[in-house]
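Asker: Could you work out the structure for the sequence below:
(chains A and B)
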Amino acid sequence: MSRDRGDGADAPRAGAPEPERPDREGDHRRERGAPERRGCDDRQEIELLAAYVDGVTELSHDERKRVEGRIAGDAGARTDEAQVRELLGRLRDLPPEGNEPDWTAMERSIRAAVGDEVPRPWWRAWRWLVPLTSCATAAAVMLLLWSRPGGLAEQAMPVMPTVPTAPFTAGSRPPVSPPSERGDDPAAIVPLWLDGAEVDVDLTAAEILRGPELGEYDPSQADADDDGALLPAAGLSWVDRLDDDAIARAERWLASSAATSPGGSGDGAPRRKKS
Amino acid sequence: MQSPAAGTLLLDWRPTALASARVPAIATAPALADARAVTPDDPDHELAARFRDGDRAAFDLLVRRHQKGMWRLVRRYVKSDADAADVTQLAFVRAFRGLAAFRGSATVRSWLYRIAINCALSWLRDHRREQPAVLAEDALIDANPAPAQIAAGDDRARLRQAIEQLPPKQKLVLELRVFDDLSFKEVAELADCSENTAKVNFHYAVKRLRDILGADHEP
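Answerer: Sure thing, here's the model as predicted:
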């Protein structure tokens, strides 16, 4: 790294025309008479004299101007500058101590001592640990949230109806509220086994079976213990005699009924129980 | 593995029985390496980066570039050419182990010099009883020297003697600046002080030398 010495063109010479004093503030202070401050400034300028002589470019602009102002205005400082310059020249002329070794041999010995493999810091060998640990931590946190009751798992999974719905309209019908919530009479609910699933049928809506779509209901076909209700409580053997077309019509009707009544509750639709 | 760069930055001015003066103990570089900003204008920065990337030849270039300066620096502490070569080699080995962790906060040169100084001080501690009195190779003179040679030799000897009388920190700053041609910034890094303090120390070292040499001239 080369350094500009103060003996270049920038350095003022003894006897050279005096440059303009840049430190007007300092002059003003001196005029007002602040001996302690003036002594401090003087000392700072003198303390930078050797650095100025030996490497003027390494001083800040302000420092350089102050030292130059001091040299220009003080004959003693100019003498000091010359003596410092002379002494530093003598020091640099000193030959290095000792006899220099064979540099090529030293290179060889260093190369042999250090080997060929470039060492790496220990943390570079374990660099992979950081992303791995991050991924594992993230996975653990996700798993914890997922498995916690009321956590992500239940929020993300599709809501299963707690109340059974009609077997043939599952997925297309909204869940039907239980009878207790509707205020219906539980005695009007009759469980049926239909298509492999237990279905609760609301008897209050049994009029649909007497509509034109399913044909007229014949009370004479009811069992002997018929108590006169719309549907006999125990005489549901007619359900087994329904053919496929009748069931299909019932499904269509239920689908259309669900479409026309979005709430879906209170329509007397069959509800599926968990079997 | 304890790298050479795994110490703390410490200037220790403990009085020791080493040589003729107290010697500042300077630990190795990581404090510098971690704390300060990267020095992009360092001419060795690219070599250090190549070495970190696995280029072994970059270190050979660093050795070629700095072995002379490091040997001269070590030689001022170790008063034997062969020992100075050994210590220089040891310093380069430590630098090789630590360079991959060097982050370029200081210049590579000042980092290497710091390692060299620490190796030299360690060597002096280990060999304090084996130190020769004052006899060094350059103290040997011709059998029939010319009068001019005698005068020049006297002048050099006086200068070296005056330097030895400087306080340790002033001596360190003066030698790093004058003999190793370091910038004040690098001197400050090695002496663990501010750049301005290095400049002031340099001034007082020169002033003291002038006083010592002036006193020698007086009858």
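
Asker: Is residue A:120 located within a helix, as I assumed?
Answerer: No. Counting by DSSP: H, G, I helix; E, B strand; the rest coil, one finds residue A:120 to be coil, located in no helix.

Asker: Relative to residue B:51, how far out is it?
Answerer: As judged by Cβ to Cβ, to the nearest Å, residue A:120 and residue B:51 stand 11 Å apart. Where you see a C-beta, it was placed from the backbone N, CA and C, and this is true even at glycine.

Asker: More neighbours: those two, which one.
Answerer: Neighbour comparison, residue A:120 and residue B:51: the larger count goes to residue B:51, with 25 against 13 (by other Cβ atoms under 10 Å in any protein chain shown).

Asker: got any residues that touch both of residue A:120 and residue B:51?
Answerer: residue B:100 (Cβ atoms under 8 Å, 6 or more residues apart in numbering or on different chains).

Asker: Contact residues of the stretch 51-200 of chain A facing chain B?
Answerer: Neighbours of chain B within the stretch 51-200 of chain A, by Cβ under 8 Å from any Cβ of the partner chain: A:51, A:54-55, A:58-59, A:83-84, A:87-88, A:90-92, A:94-101, A:103, A:106-107, A:109-111, A:113-114, A:116-122, A:124.

Asker: Now which of these would you call buried?
Answerer: A:51, A:54-55, A:58-59, A:84, A:87-88, A:91, A:97-98, A:101, A:106-107, A:109-111, A:114, A:118-119, A:121 (16 or more other Cβ atoms under 10 Å in any protein chain shown).

Asker: Do you have the strands of chain B handy? List them.
Answerer: Using DSSP state E, the strands of chain B run over B:11-12, B:25-26.

Asker: Return the member of these having the minimum mean pLDDT.
Answerer: Note on those: strand B:11-12 shows the lowest mean pLDDT, a mean of 38.

Asker: can I see the domain layout of chain A?
Answerer: Per the record, chain A has its domains at A:24-93, A:167-272, by automatic domain parsing.

Asker: looking only at pLDDT, what's the mean for the last one?
Answerer: I take that to be domain A:167-272. pLDDT averaged over domain A:167-272 gives 63.

Asker: And the first one, by the same measure?
Answerer: Taken as a whole, domain A:24-93 carries a mean pLDDT of 79.

Asker: what about residue A:198, which helix or strand?
Answerer: Applying DSSP states H and E as the criterion places residue A:198 in strand A:197-202.

Asker: Buried residues in that strand, which are they?
Answerer: A:197, A:199-202.

Asker: Nearest to residue B:211 among those residues?
Answerer: Closest approach to residue B:211 among the buried residues of strand A:197-202 (Cβ to Cβ): residue A:197, at 112.2 Å.

Asker: Which residues does stretch B:193-207 contact?
Answerer: A:46-51, A:54, A:58-59, A:84, A:87-88, B:166, B:169-171, B:173-174, B:177, B:184-185, B:187-188, B:191.

Asker: Against residue B:119, how distant is the closest residue to residue B:45 other than its chain neighbours?
Answerer: Take residue B:45 and drop its neighbours on the chain: the residue closest to it by Cβ to Cβ, 6 or more residues apart in numbering or on different chains is residue B:104, 5.6 Å away. As judged by Cβ to Cβ, residue B:104 and residue B:119 stand 21 Å apart.

Asker: between the two, who's got more neighbours?
Answerer: residue B:119 (26 against 20).

Asker: mind listing what the residue nearest to that one when sequence neighbours are not counted touches?
Answerer: Closest residue to residue B:119 apart from its sequence neighbours, by Cβ to Cβ, 6+ apart: residue B:91 at 4.3 Å. Contact analysis of residue B:91 by Cβ under 8 Å, 6+ apart lists B:70, B:74, B:112, B:115-116, B:118-120.

Asker: per-residue confidence at residue B:91?
Answerer: 96.

Asker: mind listing the helices for chain B?
Answerer: For chain B, the helices defined by DSSP state H occupy B:30-35, B:45-52, B:56-77, B:81-98, B:108-126, B:147-164, B:168-178, B:184-191, B:195-217.

Asker: mind listing what's buried in the longest one?
Answerer: Read that as helix B:195-217. Buried, per 16+ other Cβ under 10 Å, within helix B:195-217: B:195-210, B:212-213.

Asker: Quick check on residue A:119: phi, psi?
Answerer: Backbone torsions for residue A:119, taken as degrees, to the nearest 10, come to phi -70, psi 150.

Asker: what about it, distance to residue B:122?
Answerer: Taken as Cβ to Cβ, the span from residue A:119 to residue B:122 is 21 Å.

Asker: now swap in residue A:130 and tell me
Answerer: For residue A:130, the distance to residue B:122 - Cβ to Cβ - is 35 Å.

Asker: Pretty sure the residue nearest to residue B:45 sits against residue B:42.
Answerer: Yes. With contact defined as Cβ atoms under 8 Å, residue B:104 counts as touching residue B:42 (6.9 Å).

Asker: where does the closest residue in space to residue A:99 that isn't next to it in sequence land on pLDDT?
Answerer: In space, and not counting its chain neighbours, residue A:99 is closest to residue B:81: 5.5 Å by Cβ to Cβ, 6+ apart. For residue B:81, the model assigns a pLDDT of 92.

Asker: strand partners of the strand holding residue A:198, parallel vs antiparallel please.
Answerer: strand A:189-194 (antiparallel), strand A:271-272 (antiparallel) (DSSP bridges).

Asker: Could you point out the helix or strand that follows that strand?
Answerer: Going down the chain from strand A:197-202, the next helix or strand is helix A:237-240, by DSSP H and E.

Asker: Run through who's touching whichever strand or helix holds residue A:108.
Answerer: In this assignment (DSSP H and E), residue A:108 forms part of helix A:103-114. Residues from elsewhere that reach helix A:103-114 (Cβ under 8 Å, 6+ apart): B:59-60, B:63-64, B:67-68, B:71, B:85, B:88-89, B:92-93, B:96-97.

Asker: ok, now which ones touch residue A:75?
Answerer: Applying Cβ under 8 Å, 6+ apart, no residues contact residue A:75.

Asker: Quickly note the distance from it to residue B:173.
Answerer: Applying Cβ to Cβ to residue A:75 and residue B:173 gives a distance of 28 Å.

Asker: Residue A:59 too?
Answerer: 16 Å.

Asker: circling back to that earlier point, alpha carbons of the strand holding residue A:198, in CSV - could you do that?
Answerer: Output of strand A:197-202 as CSV, limited to C-alpha atoms (Å, rounded to 0.1, in the frame of the first residue of the first chain):
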residue,chain,number,x,y,z
ALA,A,197,-79.4,-47.7,6.8
GLU,A,198,-81.7,-46.9,9.7
VAL,A,199,-83.8,-44.0,8.8
ASP,A,200,-86.1,-41.9,11.0
VAL,A,201,-89.3,-41.0,9.3
ASP,A,202,-91.4,-38.1,10.5
